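In: Take this sequence and fold it.
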Amino acid sequence: MGKITQYRPNFVSGFENDIAHFNSTDELFEIPFVKNFKNEGTSLGSKFFQFSQDEYSQSQPEKKFVLLAEYDCGKLWYVVGFTDDNEIIKTLPKWVEK
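Out: Predicted coordinates:
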């Protein structure tokens with residue numbers, strides 16, 4: 001089972017970051033704060049491309065990987081959240097800077 005913690009920039013206050021558990025990529029993509037990235041796109045009108053992952057921290061097991069939402073064929077991306085080391089997240093494409 002994987003666990004993801006929602007990411008919000010430090011300048012956003014007054015909200016608690018959600019924490020959710022998932023057993024598959026389908027469940028991960030149905031978590032409301034994850035699903036918003038796919039359904040809403042960006043304020044600039046960019047089209048959703050894919051979710052991807054990248055290694056984030058060796059020293060923080062709960063933040064081992066970062067989940068990213070990519071738009072416009074990966075030219076624009078946003079951090080969705082941090083997840084622990086699990087086999088589910090590793091099935092997603094690895095993020096590559098474009």
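
In: From here on, just use CA atoms for contacts and neighbour counts.
Out: OK.

In: Just grab the bridge partners of the residue sitting nearest the centre point of the chain for me.
Out: Computing the C-alpha centroid of the chain and ranking residues by C-alpha atoms, centre = their mean puts Leu67 first, at 2.8 Å. Beta-bridge pairing of Leu67 under DSSP bridges involves Gln53, Gly81.

In: ok, it - contacts?
Out: Residues near Leu67 by C-alpha atoms under 8 Å, 6 or more residues apart in numbering: Phe51, Ser52, Gln53, Asp54, Val79, Val80, Gly81, Phe82, Thr83.

In: quick one: the second one and Pro93 touch, right?
Out: So that's Ser52. Yes - the criterion here is C-alpha atoms under 8 Å, and Ser52 meets it with Pro93 at 4.9 Å.

In: Show me what the lowest-mean-pLDDT helix or strand in the chain is packed up against.
Out: None of the helices or strands of the chain scores lower by mean pLDDT, DSSP states H and E than helix 32-40, at a mean of 87. Contacts defined by 3 or more C-alpha pairs under 8 Å, 6 or more residues apart in numbering; DSSP states H and E place helix 32-40 against strand 48-55, strand 76-83.
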